[in-house]
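[1] Sequence and computational prediction follow.
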Amino acid sequence: MGASEERHTPFLTSLVAGGLAGTTVDLALFPIDTLKTRLQSPHGFLAAGGFRGVYRGVVAAAAGSSPGAALFFGTYETMKPVISNLQTQYLGESSSSPALTHMTAASIGEAAACLVRVPTEVIKSKMQTNAAGASTLTSTIQMV
């Protein structure tokens, strides 16, 4: 493998690895995120739930984190060779930039992941702060 050649991760590997990584991080940091969200609540920390039920909304977070992260990494790994080829085609081999390739692929991957992440974050934050009508995942989805 030459200096300019880059090993490409298969799409399915990116999906599985991204999904597992996203879920692991979200589950590990969920209680801290819950406390942060409650501290930011306009109703106040204690009215939003205080230290009780710090795992409330974890199902919504897990349901969104795996597909969101999988979508990011799948898109990112798919776009890297496409962007690299476009740079070589239009700018020439000597002017192509690996940094630009990674930044552009990551931006496209993040935009794709936000299609999943934003709706699940809205549901999760409403459940974390005990918003009116957000007692269960189903009722929160209906409210949103």
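    Done, it's in.
[2] which strands and helices sit next to the biggest helix by length in the chain?
    Scanning the chain for the helix with the most residues, using DSSP state H, yields helix 58-91. Judged by 3 or more Cβ pairs under 8 Å, 6 or more residues apart in numbering; DSSP states H and E, helix 58-91 is in contact with helix 11-39, helix 98-128, helix 137-143. (C-beta placed from N, C-alpha, C; glycine too.)
[3] which intervals of the protein have sub-threshold pLDDT?
    1-6, 130-144 (pLDDT under 70).
[4] hang on, the earlier thing: nearest approach to residue 64 belongs to which of the helices and strands packed on helix 58-91?
    helix 98-128 (2.6 Å; Cβ to Cβ).
[5] What about the residue lying closest to residue 105 once chain neighbours are set aside, how many residues nearby?
    Spatial nearest neighbour of residue 105, excluding adjacent residues (Cβ to Cβ, 6 or more residues apart in numbering): residue 79 at 4.0 Å. Number of residues near residue 79 (other Cβ atoms under 10 Å) recorded here: 20.
[6] residues in contact with residue 79?
    Residues near residue 79 by Cβ atoms under 8 Å, 6 or more residues apart in numbering: 104-105, 108-109.
[7] quick one: which of these is nearest residue 122?
    residue 109 (20.9 Å).
[8] Spatially nearest residue to that closest one, not counting backbone neighbours?
    Using Cβ to Cβ, 6+ apart, the closest residue to residue 109 is residue 76 (3.6 Å).
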